[in-house]
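Peer 1: coordinates for the following, if possible.
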Amino acid sequence: MQARSIFVDTIIATAAISEYAPVTFGGALATAASIVKGVAQTSAVAGDAVAVTVLGTSQVFITENVAAGDLLVPDGTGKARKAVDAEVGFARANRNGVVGTRIEVMLLPR
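Peer 2: I've put the predicted structure just below:
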């Protein structure tokens, strides 16, 4: 699997963050209602600096089957799921994926 980072920034984790988790500007795991800064590239504990891919592609773990092009939102546990109704997504799936696996996604500026 690959990822193509165009812009990577650093945040300070305010809680435990898992590798490839969508995160907020404040350094926490993102939920579907959050404004997502990007995807953490490593795991971290509170107080750690962590690299976050803000623009480009990244890997994320998914909590349900997705198809290429599906709009994704964070699920609050460090993974992503398909957006429903009026939810604002943070990424689109670059390929099909099955529940529990890691896929490449294209991050969307917000």
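Peer 1: so for the protein, the centremost residue is which one?
Peer 2: In the chain, the C-alpha nearest the mean C-alpha coordinate belongs to residue 22, at 3.0 Å (C-alpha atoms, centre = their mean).
Peer 1: in the sheet, who's paired with that one?
Peer 2: residue 39 (DSSP bridges).
Peer 1: tell me the pLDDT at it?
Peer 2: Note for residue 22: predicted pLDDT of 98.
Peer 1: residue contacts, it?
Peer 2: 29-30, 34, 36, 38-40, 60, 74, 78, 80, 90-91 (C-beta atoms under 8 Å, 6 or more residues apart in numbering). (C-beta placed from N, C-alpha, C; glycine too.)
Peer 1: can you pull out the strands in this protein?
Peer 2: Ranges of strands in the chain, per DSSP state E, are 5-12, 22-24, 36-40, 49-61, 71-74, 80-82, 91-93, 102-107.
Peer 1: and the first one, what's buried?
Peer 2: The reference is to strand 5-12. Neighbour-count burial for strand 5-12 flags 5, 11 (criterion: 16 or more other C-beta atoms under 10 Å).
Peer 1: roughly how far is stretch 30-45 from the heart of the chain?
Peer 2: Between the centre of stretch 30-45 and the centre of its chain there are 6 Å (C-alpha atoms, centre = their mean, to the nearest Å).
Peer 1: ends of it, what's the gap?
Peer 2: 15 Å (C-alpha to C-alpha, to the nearest Å).
Peer 1: neighbouring contacts of it?
Peer 2: So stretch 30-45 is in contact with 5, 8-9, 11, 13, 16-25, 50-55, 58-60, 73-76, 81, 83, 87, 90-91, 105, 107, 110, going by C-beta under 8 Å, 6+ apart.
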